[in-house]
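K.L.:
Give me a model of this one.
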Amino acid sequence: MYRRSFIKKSSISGLALGILPGTMIIQETEAYSVSELMGKADIELYGRGINLRKEAHDAFLEMKKAAAADGIDIEVVSSFRSFDRQQAIFERKYEKYTEEGMQPLEAIDKIIEYSTIPGTSRHHWGTDIDLIDGNKKTSGDVLVPGKFESGGPFEDFKTWMDANSEKFHFYLVYTDDPRRKGFKYEPWHYSYAPISIPMLTAFRGKNILQLLEQEEFLGVEHFTTGFVKTYITDNILDINPDLL
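P.N.:
Take a look at the predicted model:
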């Protein structure tokens, strides 16, 4: 077991923003703290280079073993990310886009095509993971949708995951459903449903607008009530319905 420690920042919760009816609840919702939900708390992370909660870690190893028997080497690209790590990603992109001439809101809209606002990432929970096939070598950024399509280096990986990942309770988060809004299609991003479903339920019961208003990172001053509400609806909640 490898444990990571992170600095806790003060934050409060307020009125719930409304809880939509879920389609699959695997375990009873636990009392997850705001700090835990926002990636600011100490949590136990298991597995060198895996960094998931214990139950998710164990399920991942079972899935990895099954895939190996079929010639697929499931490799972790990214898993747990703290608030500070997500902030660094967000601010790096914000600086890049604004320096290129984008207006702040335009830059933020560009960022949230693939990257989350700090404090709202599913990667804060120790349940979500970005995966590829380590047997296939490719140049450049590996997390590109085209590399998971027909003829791409990770085509076999995607075919295997489509057929098998849910047997281990890992579900694709941002699907290619053309009706889905929010984050773009991510054929590499999977979530361990037995834990992530109750964590999302707990998170959507918080006043996310109020929580973000207390943070200090580049671009946050441009967030409006309307923007945050749309972000919640489109980016946080418009996901694979099996994860609601």
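
K.L.:
where exactly do the strands run in the protein?
P.N.:
Assigned strands in the chain, in chain order: 2-4, 43-45, 74-78, 128-133, 170-172, 189-192 (criterion: DSSP state E).

K.L.:
Paired strands for the longest one, with orientation please.
P.N.:
The pairing partners recorded for strand 128-133 under DSSP bridges are strand 74-78 (antiparallel), strand 189-192 (antiparallel).

K.L.:
now the ones you listed in JSON lines, with mean pLDDT and distance to R92?
P.N.:
To be clear about C-beta, it is placed using only N, CA and C from the backbone, and glycine gets the same treatment. As requested, these are arranged in JSON lines below (pLDDT from 0 to 100; distance: least, CB to CB, whole Å):
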{"stretch": "strand 74-78", "mean pLDDT": "98", "distance to R92": "15"}
{"stretch": "strand 189-192", "mean pLDDT": "98", "distance to R92": "20"}
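
K.L.:
what's the closest of those to K137?
P.N.:
Nearest to K137 among the strands paired with strand 128-133 is strand 74-78 (11.2 Å), distances taken as CB to CB.

K.L.:
Check which residues of the closest one are buried.
P.N.:
Neighbour counts using 16 or more other CB atoms under 10 Å place I74, E75, V76 of strand 74-78 among the buried residues.

K.L.:
Same question for stretch 149-157.
P.N.:
G152, P153, F154, D156, F157.

K.L.:
for the residues you listed, which one is nearest L52?
P.N.:
L52 has its nearest neighbour among the buried residues of stretch 149-157 in F157, at 18.7 Å by CB to CB.

K.L.:
List the contacts of the nearest residue to the closest one once chain neighbours are set aside.
P.N.:
What sits nearest to F157 in space, not counting adjacent residues and going by CB to CB, 6 or more residues apart in numbering, is D133, at 3.7 Å. Neighbouring residues of D133 by CB atoms under 8 Å, 6 or more residues apart in numbering: I72, D73, I74, E75, P153, F154, D156, F157.

K.L.:
what about the second one, distance to N135?
P.N.:
Relative to N135, D73 is positioned 4 Å away (CB to CB, to the nearest Å).

K.L.:
repeat for the first one
P.N.:
For I72, the distance to N135 under the criterion CB to CB works out to 7 Å.

K.L.:
Those two - which one has more neighbours?
P.N.:
The neighbour comparison of I72 against N135 (other CB atoms under 10 Å) goes to I72, with 25 against 15.

K.L.:
Which residue, other than its chain neighbours, is closest to the more buried one?
P.N.:
W160 (5.0 Å).

K.L.:
Isn't D70 up against A163?
P.N.:
No. Contact criterion CB atoms under 8 Å: D70 and A163 do not qualify, at 9.6 Å.

K.L.:
partner residues bridging L131?
P.N.:
On the basis of DSSP bridges, L131 is bridged to V76.
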